[in-house]
Each structure stands twice: as C-alpha cells, then as structure tokens.
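> sharing a model that was predicted from the sequence below.
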Amino acid sequence: MHITLEDQTAIVTGANSGLGRGIALAFARAGANVVVNYHSHQDQADEVVAAITAAGGKAIAFQADVGEEADVQALFAAAIERFGAIDIVVANSGRQDDAPSADMTLAQWEGVLKTNLTGQFLCMREAVRTFRKQGQRQASRALGKIICMSSVHQRIPWAGHVNYAASKGGVHLLMETMAQEMAPERIRINAIAPGAIKTPINAEVTADGGTDDLLKLIPYGRVGQPDDVANAALFLASDLADYVVGSTLFVDGGMALYPGFEDNG
C-alpha cells in the first residue's frame, strides 16, 4: 500500500541525524516538503536537505533550539514563508545527560527537561496555533497532525537516567492531554515510543559485537533501525491513521513487554 504526503509540509525537529533524519527522508519520499530543524551541526542538516533535493523533493534547513520560545516561533514562520502552510509536526528533538540521581546537577536535570519536555510543548502549542489559523486544507483529512517522540522509558524505569525517564513520562501525558483537548478540532496528536534503535546517541550499546546484553531485553531478537521508526511516523502522519488519536505506538521489538519475566521472573 502506497502512503502519500503529497502537497503537505512537515517540520521535523532534530532532523539532522538519527531518528529525525530517517523521518525527514521518509516523509520526503512520500511527497512532503520537509523543514529540517537542527540545533547544531548544520553540515548534517545540509546533507539531509541535499539528499531530499537530489531525489526531486523540496526541503530547507533551519536552526532553532526547541527549548526557546522565540526560536520555535521563528522555525514555524520560516516554514510558512517557504512553503505556505504546515500540515505535520514531528517533535523529535531530544537529549541525554546522564548521572546517578544523587549526583545529578540541577543543570543536567533542567537541560534535559528543557529540550525533551518543554521543547515538545512549545512545538505542539505553535503547531496548534498554526493549524487553527490556516484552517482546513485539502491535502489531509485532519486539520493538522502532531507526532511526539517518546520512549519505552515513559513506561520502564531507567536507573541513572532519571531526567530522561521523567521527561518521557511527561511527554506521555502531555501528548494524551493535548490530544484529548484538540481532537474535537480534528487535530490528531499521537506519539512514538522507540526502544533500542541504532542511532548515534545509542552507538555505544548498539555497535556490532556489543549487543549481546542488549538483545536479552528485546524479545524480537534484533536492534531497531531508524527506518523502523520512520515507517511508524509515516503511518501516523498519513490519512491511513485518520482515526488514531492520542495513541502511543511502541516501536521496540517487544522491549516494553518486560522480557525478564518471560520465565516467571
């Protein structure tokens, strides 16, 4: 079945690498115009744009810190200036800054929450305001689509990563609450909760030859690839998911099934 996002524009935050890059490329292949947001490493963002345009698509790169209100507003303004409207927002930007809870500094706590939780709220809020202002468009059945990037750690505690786990737990109820609020306006808000995916942020634990312990946590028996998440995002952004509202799609090979209990614990 062919999924099309023709005549639609998507903002993907943190799209210069990892999951965001995979999603941006998948959306472009489906026909969407793509705004490739990045916080740093402009060269990587430019490479994503070049790959999209070389394949006949349309994309721009735009630097913004999603934890800063003015930056988020500028990001959306740039997307509208270039493409005229916005149909899809993927709030993907995230960061880790790990430490045992008792040793974690306030700066580590606040930095992760600012990007992972406040950043998603600011992007979602700006998306809702934009969708309302531009009104119903013919390219999609929904007034607009928002996809939050959560994690299996919205459900699974993660010692040594309390700021990250708390941020993703927050994303879970942020998404569901805003989905409940916005559904009557036909703004669809959902989330993806990836497990172990082979991206630069997970390079240390997903490198070839270093996955034996990790695979004990994945019933499906393999580490995920960015395309696994990108395919889920493509579905949620499409009209095929028009009746999917306020859902979290776990893309984790079964990690959230607590495989340690498969033999009765």
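Yep, it's here. Numbering: from 1, shown residues only.
> what's next to the helix or strand hosting A230, contact-wise?
Assigned by DSSP states H and E, A230 belongs to helix 226-237. Identification of contacts with helix 226-237 by Cβ atoms under 8 Å, 6 or more residues apart in numbering yields 3, 5, 10, 18-19, 21-23, 25-27, 30, 32, 88, 90, 145, 147, 188, 190, 192, 194, 197-199, 241, 244, 249, 251. Every residue, glycine included, has its C-beta placed from N, CA and C.
> separate out the buried members of the residues you listed.
Burial by neighbour count, 16 or more other Cβ atoms under 10 Å: within the contacts of helix 226-237 this picks out 3, 5, 10, 18-19, 21-23, 25-27, 30, 32, 88, 90, 145, 147, 188, 190, 192, 194, 197-199, 241, 244, 249, 251.
> sort out which of those are in strands and list them.
Using DSSP state E, the members of these that fall within strands are 10, 88, 90, 145, 147, 188, 190, 192, 194, 249, 251.
> JSON lines please, covering the residues you listed and showing distance to A74 and pLDDT.
Listed next are those as JSON lines, based on distance: Cβ to Cβ, whole Å; pLDDT from 0 to 100:
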{"residue": "A10", "distance to A74": "17", "pLDDT": "98"}
{"residue": "I88", "distance to A74": "19", "pLDDT": "98"}
{"residue": "V90", "distance to A74": "18", "pLDDT": "98"}
{"residue": "K145", "distance to A74": "22", "pLDDT": "98"}
{"residue": "I147", "distance to A74": "21", "pLDDT": "99"}
{"residue": "R188", "distance to A74": "25", "pLDDT": "98"}
{"residue": "N190", "distance to A74": "26", "pLDDT": "99"}
{"residue": "I192", "distance to A74": "26", "pLDDT": "98"}
{"residue": "P194", "distance to A74": "28", "pLDDT": "98"}
{"residue": "L249", "distance to A74": "30", "pLDDT": "98"}
{"residue": "V251", "distance to A74": "31", "pLDDT": "98"}
